[in-house]
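> when you get a sec, could you give me coordinates for this:
(one chain, ligands or ions: 1)
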Amino acid sequence: MTKQNNAVTPEFKSCINNLISTVVLPSAATVPESMALINGFLGFSRKNFTKRLEESKVNAWIDSMRAASPTRVKSSENQEKCSWILYHPSALKLFDQILYSAKRKQIVFFLDYDGTLSPIVADPEKAFMTRKMRATLKDIARNFPTAIVTGRCREKVFNFVKLAELYYAASHGMDIMGPTKNRSAEKSNVNKAVLFQPASQYLPMIDEVYKILLEKTKSVSGAKVENNKFCLSVHFRCVDEKSWAPLAEKVRLVLNEYPKLKLTQGRKVLEIRPTIKWDKGKALEFLLESLGYKNSNDVFPIYIGDDRTDEDAFKVLRRRGQGVGILVSSVPKETDASYTLQDPSEVEHFLRRLVEWKRSSIVNPTSA
Ligand SMILES: O=P(O)(O)OC[C@H]1O[C@H](O[C@H]2O[C@H](CO)[C@@H](O)[C@H](O)[C@H]2O)[C@H](O)[C@@H](O)[C@@H]1O
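Residues are numbered from 1 along each chain as shown. Sure thing, here's the model as predicted:
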């Protein structure tokens, strides 16, 4: 091949220029030289593109985390809040309507922990429930099958709730255990009460990633990594907002090496968990089935939760056309829940009213 044959023809150049308008080839460049230039350019834009994609991924996580934890309503947003409440009315105000729908059905409770039974606090180790809430929960469990459905690990949430008569669907439903109180299993082997652990093979991987994340995030002031056994939480609540993107980037880089793990966003928290198709919604269905209500129309599940991960359960209830989803939030949020409660104290009030209604319906059975 002669040099002449390798020369860049005007047609070739214009074609390339049409494709990539920013590429300027030296007029004397040969085809291989031009191809090297183009490849270099393409490599550069691919790198640039990938970088942009990674940046936008991190920004999307942060936006989603912010949306999951809005602070308060500005006066300009009041109108929006009013119309949101029309679509998601207070479960306390419409208490009788909820009771009417539950008439002659078995109510089953599904309760998220953080932000629902306990207020959101800066230190996740100190998210205690009030005594009043515990007493109400005890009464609820005495009257209705009740499950705690949480992102926390089972041991930790049990230490907060301290009620053995409940079901626990911990680690976002990946660690489900039945009540141990009044069961013969309690004396012999508590693990006999474990109903389902669909992600056990991920335990070594989760432990490994926990250690790596601890190491990688230790330089970020306020960052905290929580080991929830089958999933991990990276907390942003005490991190200066300027450091949110760099912290999320560190998480992304670690996660890049583990394609079998995925990330979800919560209230100032990024949660890392196995890619298995299992979530709080599936846990709800699993528990209903375990309780014998798989295809029953005689059951009325009430799910109360405040976070993004609770939406999977709200969706399941909508799809089944059964029971109600109640979102705990004082600010408008996109949700599949039908009703709202403002905060954990309203949750306690709502649960207490149900206990009282149940007691009165035992005395006067025609009211149930
Ligand atoms: O499913 P949940 O019970 O709502 O658990 C979700 C996460 O809750 C906890 O974090 C949240 O509450 C903390 C204490 O109030 C707060 O500091 C944090 O900002 C919230 O995101 C828990 O620590 C996480 O591990 C759970 O994944």
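> up against the ligand, what does this structure have?
With the criterion set to Cβ under 6 Å from any ligand atom, the chain comes near the ligand through 112-115, 120-122, 124, 127, 150-152, 226, 228, 233, 235, 237, 266-269, 271, 307, 309. (Glycine included, C-beta is placed from N, CA and C.)
> just the buried residues out of the residues you listed, in PyMOL syntax.
The following PyMOL line selects those of the residues of the chain next to the ligand that are buried, judged by 16 or more other Cβ atoms under 10 Å:
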select buried, resi 112+113+114+115+120+124+127+150+151+152+226+228+233+235+237+266+267+268+269+271+307+309
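> so which of the residues of the chain next to the ligand are in strands?
Residues of the residues of the chain next to the ligand located in strands (DSSP state E): Glu226, Ser233, His235, Gly266, Val269, Glu271.
> which strand residues bridge the first one?
The residues paired with Glu226 through beta bridges, assigned by DSSP bridges, are Ser233.
> got it, and the last one?
Glu271 forms beta bridges with Ser233, Thr264, as assigned by DSSP bridges.
> wait, it sits on Phe236?
No: contact criterion Cβ atoms under 8 Å: Glu271 and Phe236 do not qualify, at 11.4 Å.
> before we move on, the earlier item: the ones in strands among the residues of the chain next to the ligand into a markdown table, with extra columns for pLDDT?
Converted to a markdown table, these look like this (pLDDT from 0 to 100):
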| residue | pLDDT |
| --- | --- |
| Glu226 | 98 |
| Ser233 | 98 |
| His235 | 98 |
| Gly266 | 95 |
| Val269 | 98 |
| Glu271 | 98 |
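> would you turn the residues you listed into a markdown table with distance to Pro204?
Converted to a markdown table, these look like this (distance: Cβ to Cβ, whole Å):
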| residue | distance to Pro204 |
| --- | --- |
| Glu226 | 18 |
| Ser233 | 19 |
| His235 | 23 |
| Gly266 | 24 |
| Val269 | 23 |
| Glu271 | 19 |
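> which of the residues you listed sits closest to Ala199?
Among these, Glu271 lies closest to Ala199 (Cβ to Cβ), at 13.3 Å.
> could you pull out the strands for the stretch 101-250 of the chain?
106-111, 146-149, 167-170, 175-177, 194-196, 224-227, 232-235 (DSSP state E, counting those that start in this stretch).
> so Met35 belongs to a helix, correct?
Yes: using DSSP: H, G, I helix; E, B strand; the rest coil, the assignment for Met35 is a helix.
> pLDDT score for it?
Met35 carries a pLDDT value of 75.
> what does Cys82 give?
Value for Cys82, per-residue pLDDT: 85.
> counting neighbours, what do you get for it?
10 (other Cβ atoms under 10 Å).
> which element is it on?
Per DSSP states H and E: Cys82 is located in helix 78-87.
> list the buried residues for that helix?
Trp84.
> dump it to CSV, keeping only the CA atoms.
Taking C-alpha atoms only, helix 78-87 is exported to CSV below (Å, rounded to 0.1, in the frame of the first residue of the first chain):
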residue,chain,number,x,y,z
ASN,A,78,-48.5,24.2,51.9
GLN,A,79,-50.9,23.9,49.0
GLU,A,80,-49.0,20.8,47.8
LYS,A,81,-49.3,19.4,51.3
CYS,A,82,-53.0,20.0,51.4
SER,A,83,-53.6,18.1,48.2
TRP,A,84,-51.3,15.3,49.2
ILE,A,85,-53.3,14.9,52.4
LEU,A,86,-56.5,14.6,50.4
TYR,A,87,-55.0,11.6,48.7
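> wait, a helix at Glu352?
For the record, residue 352 is Arg, not Glu. Yes: the assignment for Arg352, made by three-state DSSP, places it in a helix.
> any idea how far it lies from Ala135?
According to Cβ to Cβ, to the nearest Å, Arg352 and Ala135 sit 9 Å apart.
> same check on Gly173?
On the measure of Cβ to Cβ, Gly173 and Ala135 end up 26 Å apart.
> mind checking which of these two has more residues around it?
Neighbour tally, Gly173 and Ala135, criterion other Cβ under 10 Å: the higher count belongs to Gly173, 28 against 13.
> ok, how many other residues are close to Gly222?
14.
> same question for Pro259.
Around Pro259 there are 8 other residues, counting by other Cβ under 10 Å.
> so it: helix, strand or coil?
Classified using three-state DSSP, Pro259 is coil.
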